[in-house]
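A.B. asks: my questions concern the predicted model and sequence given below.
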Amino acid sequence: MANRKKIPMRKCVGCGEMKPKKELMRILRTQENEFVLDATGKKNGRGAYLCPSAECFRKAVKNRGLERSFGQAVPQEAYDRLAKEMGDIEKE
């Protein structure tokens with residue numbers, strides 16, 4: 001019997017769909033309470049996962065998915081910076 005490797009699944013905080021971890025982007029809260037986009041998915045800190053689409057990002061902002069995931073308020077400048085970084089990724 002062949003060994004099948006388990007694919008880690010994560011839930012998008014925008015649309016709420018379960019997807020393979022590699023298909024999602026990780027948003028990270030560092031120890032300094034900064035919010036950054038983690039392209040590698042391996043940096044230290046509390047993470048939340050989001051589909052790489054502007055629509056899911058808008059849903060996460062509207063339904064406060066990131067705030068629920070991190071258990072604290074996310075400042076507007078953090079949302080602005082994440083929106084800019086996500087826009088750069090969508091263009092690639």
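C.D. replies: Nice, I can see it.
A.B. asks: make it CA atoms for all contacts and neighbour counts henceforth
C.D. replies: Will do.
A.B. asks: touching, Lys19 and Val13? I think so.
C.D. replies: No: taking contacts as C-alpha atoms under 8 Å, Lys19 lies outside contact range of Val13: 11.2 Å.
A.B. asks: out of these two, which sits in the more crowded spot?
C.D. replies: Val13 (24 against 17; other C-alpha atoms under 10 Å).
A.B. asks: any idea how far that one lies from Asn3?
C.D. replies: For Val13, the distance to Asn3 equals 31 Å [C-alpha to C-alpha, to the nearest Å].
A.B. asks: likewise for Lys62?
C.D. replies: 42 Å.
A.B. asks: neighbour count for these two, which is higher?
C.D. replies: Neighbour totals were compared for Lys62 and Asn3, and Lys62 leads with 11 against 5 (other C-alpha under 10 Å).
A.B. asks: element containing the closest residue to Glu17 other than its chain neighbours, please.
C.D. replies: Nearest non-adjacent residue to Glu17, counting by C-alpha to C-alpha, 6 or more residues apart in numbering: Lys11, 5.5 Å away. Applying DSSP states H and E as the criterion places Lys11 in strand 9-11.
A.B. asks: show me what the mean pLDDT comes to for that strand.
C.D. replies: Here strand 9-11 scores 94 as its mean pLDDT.
A.B. asks: do the same with stretch 47-57
C.D. replies: 89.
A.B. asks: what about it, start to end distance?
C.D. replies: End-to-end for stretch 47-57, by C-alpha to C-alpha: 15 Å.
A.B. asks: mind listing what's buried in that stretch?
C.D. replies: Across stretch 47-57, burial judged by 16 or more other C-alpha atoms under 10 Å covers Gly47, Ala48, Tyr49, Leu50, Cys51, Pro52, Cys56, Phe57.
A.B. asks: in helices, which of the residues you listed appear?
C.D. replies: Cys56, Phe57 (DSSP state H).
A.B. asks: farthest pair within the buried residues of stretch 47-57?
C.D. replies: Gly47 and Cys56 (16.2 Å; C-alpha to C-alpha).
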